[in-house]
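> Got a sequence here, can you build the structure:
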Amino acid sequence: MKFLLASNSPRRRELLGEVIPSFEVVPSRYQEVGLLGEGGSERALRFAVGKAEEVFSRFPDAAVLGADTVVELEGNILGKPKDRAEAYAMLRALSGKTHSVLSGVCLVTPEGKRLGVEEALVTFRSLSDEEISAYIDTGSPMDKAGAYGIQDSGFVKECSGSYSCVVGLPLERVREYCKELHLC
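Purely as a prediction, here's the structure:
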């Protein structure tokens with residue numbers, strides 16, 4: 001059975017390669033629109049399901065994996081920053097605090113569907129204005145929820161939970177779902 005990743009994320013592509021040696025990338029056309037009052041877990045799961053189901057509707061004989069990652073700080077969802085000012089505001093808010101990173105995963109096959117959310121708690125060290133500005137200058141924050149990547153920012157003091165969840169694809173959960181559906 002053909003295995004498809006419903007994501008353009010280079011980080012997800014790299015991580016999935018640790019579980020599934022051969023797969024294709026088919027970006028989803030699902031429109032991510034947040035709902036008022038929606039929590040981070042609900043949004044991450046809804047977006048992951050939406051992405052997987054949209055691609056599965058085009059490739060109904062395949063196994064399709066959708067994922068979405070959300071950063072939540074004090075009840076507020078931090079998505080991808082729209083511009084430099086928003087990236088700065090997010091990183092300043094995260095400085096010296098602990099936040100949740102929630103990654104929703106949905107695996108759809110002709111035989112069934114598996115879905116769930118993984119959570120990791122991440123604590124940032126205190127950041128200087130210069131560090132934040134220098135990181136934003138790299139351009140890295142602009143395509144990441146919460147305006148940072150754990151793998152490239154150097155801001156993380158502590159991570160409790162799945163590292164791969166924070167990167168964007170909780171590998172433990174993906175492996176579990178693949179085994180349940182006899183894909184690996």
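> Give me the secondary structure label for the residue sitting furthest away from the middle of the chain.
When each C-alpha in the chain is compared with the mean C-alpha position (C-alpha atoms, centre = their mean), residue 130 comes out farthest, at 26.9 Å. Assigned by DSSP: H, G, I helix; E, B strand; the rest coil, the conformation of residue 130 is helix.
> Could you measure from it over to residue 85?
Residue 130 sits 17 Å away from residue 85, going by C-beta to C-beta, to the nearest Å. (C-beta placed from N, C-alpha, C; glycine too.)
> Kindly report the same for residue 77.
Distance, residue 77 to residue 85, by C-beta to C-beta: 18 Å.
> what are the ranges of the strands in this protein?
In the chain, the strands defined using DSSP state E lie at 3-5, 24-25, 63-73, 76-78, 98-109, 112-124, 156-160.
> Partner strands of the shortest one, with direction?
Taking DSSP bridges as the criterion, strand 24-25 forms sheet pairs with strand 3-5 (parallel).
> how distant is the partner strand from the center of its chain?
Computed by C-alpha atoms, centre = their mean, to the nearest Å, the chain-centroid distance of strand 3-5 equals 16 Å.
> Could you do stretch 101-114 as well?
Relative to the centre of its chain, stretch 101-114 is centred 13 Å away, using C-alpha atoms, centre = their mean.
> Just grab the bridge partners of residue 105 for me.
Going by DSSP bridges, residue 105 is paired in beta bridges with residue 67, residue 116.
> residues in contact with stretch 117-136?
Residues outside stretch 117-136 that contact it (C-beta atoms under 8 Å, 6 or more residues apart in numbering) are 41, 44-45, 84, 87-88, 91-92, 94-105, 141, 147-148, 150, 153, 155-163, 165-166, 170, 172-173.
> List buried members of these by neighbour count.
Those of the contacts of stretch 117-136 that meet the buried threshold are 41, 44-45, 87-88, 91, 94-95, 99-105, 141, 147-148, 150, 153, 155-156, 161-162, 165-166, 170, 173, by 16 or more other C-beta atoms under 10 Å.
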